[in-house]
Every structure is written in C-alpha cells, then in structure tokens.
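> My questions concern the predicted model and sequence given below.
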Amino acid sequence: MKTFLIAGTQSGVGKTTVALGIMAALKSKGLDVQPFKCGPDFIDPTLHHMVTGRMSRNLDIWMCGENFVKETFFDHAKGADIAVVEGVMGLFDGGVSSSASLARCLGLPVILVIDVRSMAETVAAIIKGFEVIDPDLVQGIILNRVGSRRHLDLLKNAIVRHCNSDLFLGYLPRDQWFEIPSRHLGLFMANDAPLDKKAVERLSCAVSDFIDLERLMDLQIKPVKIKEPLNLDCTISETGGDGPKNNNDGYTQGHEITIGIARDEAFCFYYEDNLDLFRKMGARITEFSPLSDTAIPDGIDAIYLGGGYPELYAERLSENHEMLNSIRDWSIRGGVVYAECGGFMYLTQGIEGLDQKFYPMVGIYPVRAKMNYRLSALGYREIEPVSGPFAAMYKGLRTAFAQHGIPRLKGHEFHYSTIEEMPPEVDRTFRLADGRFSGYLIKNTLGSYIHIHFGNTPWAVRRFIEFSKGAGGHGI
C-alpha cells in the first residue's frame, strides 16, 4: 500500500496547504487519492474532498478506538492508488490522539512539515530533535514558505551537516496564492471556495516542481494487526438478559427508518462514518436544507441537525419561517430530533450574533444562544447517557458486559457560543466524566454542544434507530 501521514512541528506550519498540494499533484498524475484526517476536525476533510473528489474520513483513536480506526483506514484506502493522511497540531501533541500515535497505530511513514519563514540554520536543531525522540517515525522532511534560493541553500546545508540528509524531500516557496483564509472555527470550508481552481493548479504545479513525489510514494507502510473487537451486538435486550450474539461484521440490521439530515452551508459538520453506521444498521438518509427548503422531508422517522455555522447564516435561517414552523411542529408532536452544536443553537429561542442583533430560531429550548469573540469550550468529552434515546440501551449493555466494561459515548466540543442557563425542569441527558451534566431533552428532542462519534459505540446507533422507530414521528 502506498500511503503516508503529513505532520507538522506545530499548528499553523502549513500542513493543510502541503497536504492539499500533494493530493492535487498526485490527482493530476491520474492517481486515485483517498484522503484522511487525524483527529475530530470537520473542516479539513471538506478541503480534501474538494481536491480529490473522494470523501475524507476522520481517524481518531481516542473517540473511536484503534480497531475502528484501522478498519476505517484499510477499508477506504484499499480501493485507491494512494492514501494521504493529514495530521493534527504538532506531531507528538495530543497523547493517544496525536499524529504520532496514529502513525504508529497504522504503521504509516511520517512526512514532517516545517515552517521556515523566520529561520535558517536553526532548522537542523528542530529536525535533530525529532530524530532523537523517535528515530524511525519521520521518514521525510518538507520545508514550507522558503523565501529565496539563498534561503533554501542555508537550510539544506544545515540539514546535510547535522541531520540525516536523506530526509529532505523538497520544499514549497512562500506564495500568497497558497494561503488559505481562516475564520473563528478554523479554515474556510470547501463550499466557501477558499482556494479557487487557479490557486489549486498553482499549488499542484509547485508541489510537482519542488517536492520529490516519486521518493514520497516509495515510502513503505509497516505491517499492523487488527485485534478482534469486543462484540457490542445490538440485539442485546435492554436488561442485558439475552447476552451478546456474534456477527460477521459486528453490526445488525435494525428496523428500517428514514433520517432527515440537515445539510447545507449552515449545517455541514458530520462524521461520514457516523452516517455509514446508520446506513449499515438499516437507516435511510435523506438530506434537506434549513436554509432553502420550506419543510422537513416527507416520510422521515427522525431529524439529525449537525453542527456548522448557523451564526453566519442566522438572518436567512430566521427568515425561513416555513422551515422553522415545520421543525417546531415535528418536535412538539414528539418527533425525534437529535441536534449537535450548531444544530442545538438552531433549536433555541434564537441566536445573538457578534453584531448584537438577535435572530429568532425554532424555539424548542427556552434559552438564547449568544456568539462570543473568545472560544467557549474545546476538548474531548466522555459521556454516560442518563436519559433520552441512548440511556436504556447503555444501562442494559453495561449489565451484560460488566466483566469487560462498556465504552461510554465519546465526542468533541468546540464552539464560540454560549447559552443562557437552562431551566432545571428540562431533563439533562448526559453525565460527563468530570461529573457535570450536558445535553437537554424536551419530549423526544435531544440537543447538545457535543459532536459524538459512534465508531466505538455502535450500540448507540442501534438504540437511536429503535427509539425513532418506536416514536413514529409522534412520540412514544
């Protein structure tokens, strides 16, 4: 298998730019490129898709477990000519969720990107440090934002003198065409066109001219082993009495339901593997747009409102009264709604933007959301469901697998908004690892700031399908 992971010495060194350039250059050579992203990020995968035409997959060991990560990687990489994984933060940052941990888990050779914009000979000290910490991990070096030919000579001479010179694979010149603009949640997404076709072509040509793609593609993956996972078959009764039942692929087909997924510029944060899990367990997925459609789709059994940028489209969302009424009526009747982060904000009384204007929204939750200039929450979350669609199945599985330990739900939280204090009579659905409560349940509407990945907890997908089937759009 031809594959490698592109890492950085730290955040902001340009690894996304380098990754996109390499993907585009390989694509221009007629290769089928499968992209992946280390960690929980939603934005970079959309840029990967823009360049390669293939859906990028998140690989997060902490949220999903090693086996799910391995299965996801090898399953989606096997049909491509080459797999390119973009790392997260600095190579060793993040413990089990770091790029280094992922590379070791999958046996991937690492290409280290170094931003040399404000340095010269010191680059050797940085490379030497990575060589000392893990001599076998980094298999190549790419220098980013090289200012001139003389600058390049200083850098290369220092590397040859003090480091393994075979690591040098090339560089990218400092060029404003390559800069990807950013906003409060990170880089702009692909549908915002942060790089036009001309810029992508220019980046691709630079990679072909200045980076040794042939050597890069010759890097060898190390063999890894996939362990037999603990079977969390979802046919287990809620009391745990039936015990586990083996399956070939670890999944069972549930009662067929149809889930309406909100997907447009305002709601665009979804883990593709989550949607695949729903499909594997018998759910049909149909998409709709809260921005432009006037009603939720006919014949659905549940609504899934993902995260995104509702604050950037607050006026349009607020003015689409037909859609607001459609979702409100569905929720009031007891229809199942699952909302994460931006989707949760959409279900509040409204959103107060940075411009101090208030934009009314669906109004299920009796609180307002307010945008802030500073980050309000960031980090992984481990969740024990205490009420709502996931709680009963969790309790039953915990009993059935008491000797093994049942994985809790895991997810990630990253937002600049806050909500007013939720009234105490509204049910709290999640207990976090630190004892705090999060997530709120009104009838069959569950909203939370947490983006959950179900890769390590497929039982939750099965329970959501059963819950939605029982509700039938009108409560249970």
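Nice, thanks for sending it over.
> Return the helix or strand in the protein with minimum mean pLDDT.
Taking mean pLDDT, DSSP states H and E as the measure, the helices and strands of the chain show their lowest mean at strand 186-187, namely a mean of 56.
> Using CSV, list the CA coordinates for the next helix or strand after it.
Next along the chain after strand 186-187, taking DSSP states H and E as the criterion, comes helix 197-210. Output of helix 197-210 as CSV, limited to C-alpha atoms (Å, rounded to 0.1, in the frame of the first residue of the first chain):
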residue,chain,number,x,y,z
LYS,A,197,-9.3,26.4,-9.3
LYS,A,198,-6.4,28.5,-10.4
ALA,A,199,-4.8,28.5,-6.9
VAL,A,200,-5.2,24.8,-6.6
GLU,A,201,-3.5,24.3,-10.0
ARG,A,202,-0.7,26.6,-9.0
LEU,A,203,-0.2,24.8,-5.7
SER,A,204,-0.2,21.4,-7.6
CYS,A,205,2.4,22.6,-10.0
ALA,A,206,4.6,23.9,-7.2
VAL,A,207,4.5,20.5,-5.4
SER,A,208,5.4,18.7,-8.7
ASP,A,209,8.3,21.2,-9.3
PHE,A,210,9.8,21.3,-5.8
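> What residues sit buried inside the next helix or strand after helix 197-210?
For helix 197-210, the following helix or strand on the C-terminal side (DSSP H and E) is helix 213-217. Buried residues in helix 213-217, counted by 16 or more other Cβ atoms under 10 Å: 213, 216-217. No exception for glycine: its C-beta is placed from N, CA and C like everyone else's.
> now do stretch 151-159
The neighbour-count check on stretch 151-159 (16+ other Cβ under 10 Å) flags 151-152, 154-156, 158-159 as buried.
> Give me the residues contacting that stretch.
By Cβ atoms under 8 Å, 6 or more residues apart in numbering, the residues outside stretch 151-159 that reach it are 116, 120-124, 127, 141, 143, 146, 165, 167-168, 171.
> what's the answer for stretch 379-390, then?
40, 62-63, 97, 336, 338, 391, 394, 408-414, 427-433, 437-439, 441, 444, 446, 450, 452, 460, 463-464, 467-468.
> domains in the protein, as residue ranges please.
The chain breaks down into these domains under automatic domain parsing: 3-217, 257-471.
> for these, which one sits closest to residue 223?
Between residue 223 and these, the tightest spacing by Cβ to Cβ is seen for domain 3-217, at 6.2 Å.
> Any idea how far apart the tips of that closest one sit?
This stretch, domain 3-217, spans 7 Å end to end (Cα to Cα, to the nearest Å).
> so where is this protein shaky, pLDDT-wise?
176-178, 181-194, 227-255, 393, 395-406, 472-476 (pLDDT under 70).
> again, 80 this time
175-196, 225-255, 392-407, 470-476 (pLDDT under 80).
> what number of residues lie near residue 346?
Using other Cβ atoms under 10 Å, residue 346 has 30 other residues around it.
> Name all residues that make contact with it.
Shown in contact with residue 346 (Cβ under 8 Å, 6+ apart): 266-267, 290, 305, 310, 317, 339, 361-362.
> Strands - which of those residues land there?
Using DSSP state E, the subset of the contacts of residue 346 located in strands is 267, 305, 339.
> Format the residues you listed as CSV; extra columns: distance to residue 35.
What follows is the ones in strands among the contacts of residue 346, written out as CSV (distance: Cβ to Cβ, whole Å):
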residue, distance to residue 35
267, 22
305, 26
339, 28
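> which one of these is nearest residue 278?
residue 305 (14.4 Å).
> Setting aside sequence neighbours, what's the nearest residue to that closest one?
Of all residues not flanking residue 305 in the chain, residue 343 sits nearest, at 2.8 Å (Cβ to Cβ, 6 or more residues apart in numbering).
> If anything else comes up later, I'll come back, but that's it for now.
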